[in-house]
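*Asks:* Have a look; sequence and predicted model below, questions after that.
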Amino acid sequence: MTADPQLSKLLAEMLAGTADMEQVFDFHEMPLESVEDVRQICDALASVAQRPDLVEDGELIDDLAAFFLQVANEEVVLAFREQGLPLLRELSRRKLQETPPDSETVMFLMKVFALYADAEGLAPLLALARDPDYNEHYLWPVISETFAQDGHPLVEWIASELREPLPAGMAGIGYLDLVNELMLRREIEKHPYDTEPGWELLRGWLGIEDEDLSQHVGSAATALAFVHPPDRDALIEQATMHEDYNVRMQAAWVEARLGRERGIAFLAEAAADPLYARTAINYLQMLGHEDRIPEVCGNSRFQAEVELIEYLSDPEAMGIVPDQLELLDTRELDWPPTEDRRQFWIFKFSVGQGEEAVTSYALVGSETESLFDDYSENPTPEEIYALHCSWEMDGEPNLDRGRELLGGQV
């Protein structure tokens, strides 16, 4: 397979500082299939390493390293390992020597090294976890999640080496999430935070009231299932009263795991709420309490609501939680994009209150999606079905085309 000439042109523009960033992002979305393209990217990295002015450009290094995350086959992975990782290690070493530190680029490179399980590239990670210039970086939980993937060859290394002293900040939260997962999978016997210093860190995180830092509280609450401080019951009680519902649900899971009825009852109630159903049902199943899953959870409309809310609230999709949700229509249709017959639900939803409320529609049943601005002011269900059908079939919503595809069904 020959090298992509468009990629070659883009890489030259990136090195010259004239690249269109939208085009760069578009290429980052396309999995690389050719080792010749890997060679082009590595040649660009080698050019960066030869020019001190380009080494200082952390965004350029990030954009080139991002190609390592979009691989289509093992051949490309191997080519990046052999040709690219040595260059990234060299650039990482040089970025670590900069003053002030470029934590953004260094941590992004650590993310790449973790994905490739590159022990040499990850060698500085232990020191970074305890360095105030790096340990509050937002990528720590992402890096820890990579280590937590089943079969990661370096998970024992990171779990053991960060045990003492325990890291603080986001590095500590990332490590806490990792060891919580390892305890759940019974891959380690003793929780690293089940010590005096660990208890102190957990108490501090459980006391956080900032809504933006609720992840810290939730992770600390989960750890209460595995640690034994003298005040554990008081800490569990503190978590059950937290303003963030997800933290309260974590605390309920801990209590349920300890056999306490209050926690089981909380999870059963949460399972009947479409916003929290998926997590609560998973917890009840995990703990052997399937009999406490509410009957409504088996209802097809309820499952459609769960599907829609998860789609809307996903930060990588819409990132919104509807304040109001109304079923507008449901019916079975022969659906040309999937060439089968299936059940559909149309929901009308609103975000915000009063004059600031934004209202739109969404379809569940095939590709769960809201087309937002493509609907008319008060669309009929038939119009919505037609728009979604054409969008799924052709990539763009077209009312006439959708009606044609659906024939006399709408």
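*Replies:* That came through fine.
*Asks:* which residue sits closest to V55 in space, ignoring its chain neighbours?
*Replies:* Among residues not flanking V55 along the chain, R94 sits closest, at 5.5 Å (CB to CB, 6 or more residues apart in numbering). For glycine as for every other residue, the C-beta is placed from the backbone atoms N, C-alpha and C.
*Asks:* could you measure that neighbour against A117, distance?
*Replies:* 23 Å (CB to CB, to the nearest Å).
*Asks:* where are the low-confidence patches of this structure?
*Replies:* 1 (pLDDT under 70).
*Asks:* in what helix or strand does the residue nearest to L54 when sequence neighbours are not counted lie?
*Replies:* What sits nearest to L54 in space, not counting adjacent residues and going by CB to CB, 6+ apart, is V48, at 4.4 Å. Assigned by DSSP states H and E, V48 falls within helix 35-49.
*Asks:* List of residues touching that helix?
*Replies:* Here helix 35-49 makes contact (CB atoms under 8 Å, 6 or more residues apart in numbering) with 1-4, 7-8, 11, 14-15, 32, 54-55, 57, 60-61, 64, 67, 75-76, 79-80, 83-84, 87-88, 90-91, 94.
*Asks:* Tell me the buried residues in the helix or strand following that helix?
*Replies:* Scanning forward in sequence from helix 35-49 by DSSP H and E, the next helix or strand is helix 52-55. Across helix 52-55, burial judged by 16 or more other CB atoms under 10 Å covers 54-55.
*Asks:* if we can go back for a sec, what's the separation between the residue nearest to V55 and E104?
*Replies:* Using CB to CB, one obtains 15 Å as the distance from R94 to E104.
*Asks:* hang on, the earlier thing: buried ones from the contacts of helix 35-49, can you make that a ChimeraX selection?
*Replies:* Command for ChimeraX, covering only those of these found buried under the criterion 16+ other CB under 10 Å:
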select :4,7,11,14,15,32,54,55,57,60,61,64,67,76,79,80,83,84,87,88,91
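*Asks:* Of the contacts of helix 35-49, which belong to strands?
*Replies:* The members of the contacts of helix 35-49 all map outside strands under DSSP state E.
*Asks:* thinking again about what came up before, just the C-alphas of the helix holding V48, formatted as PDB.
*Replies:* Extracted in PDB, the C-alpha atoms of helix 35-49 (Å, rounded to 0.1, in the frame of the first residue of the first chain):
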ATOM      1  CA  VAL A  35       2.900   1.200   7.200                       C
ATOM      2  CA  GLU A  36       4.000   3.700   4.600                       C
ATOM      3  CA  ASP A  37       1.900   6.300   6.300                       C
ATOM      4  CA  VAL A  38       3.600   5.300   9.600                       C
ATOM      5  CA  ARG A  39       6.900   6.000   7.900                       C
ATOM      6  CA  GLN A  40       5.800   9.400   6.800                       C
ATOM      7  CA  ILE A  41       4.700  10.300  10.400                       C
ATOM      8  CA  CYS A  42       7.900   9.000  11.900                       C
ATOM      9  CA  ASP A  43       9.900  11.000   9.300                       C
ATOM     10  CA  ALA A  44       8.000  14.100  10.500                       C
ATOM     11  CA  LEU A  45       8.900  13.300  14.100                       C
ATOM     12  CA  ALA A  46      12.500  12.800  13.200                       C
ATOM     13  CA  SER A  47      12.500  16.300  11.600                       C
ATOM     14  CA  VAL A  48      11.100  17.700  14.800                       C
ATOM     15  CA  ALA A  49      13.800  16.100  16.800                       C
END
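*Asks:* And it, what's buried?
*Replies:* Neighbour counts using 16+ other CB under 10 Å place 35, 37-38, 40-42, 44-45, 48-49 of helix 35-49 among the buried residues.
*Asks:* What of stretch 170-188?
*Replies:* Judged by neighbour count using 16+ other CB under 10 Å, the buried positions of stretch 170-188 are 170-183, 188.
*Asks:* Among those residues, which lie within helices?
*Replies:* Among the buried residues of stretch 170-188, the members found in helices (DSSP state H) are 170-183.
*Asks:* Turn these into CSV, including distance to W157.
*Replies:* Listed next are these as CSV, based on distance: CB to CB, whole Å:
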residue, distance to W157
M170, 20
A171, 16
G172, 18
I173, 19
G174, 15
Y175, 13
L176, 17
D177, 17
L178, 12
V179, 13
N180, 18
E181, 16
L182, 12
M183, 17
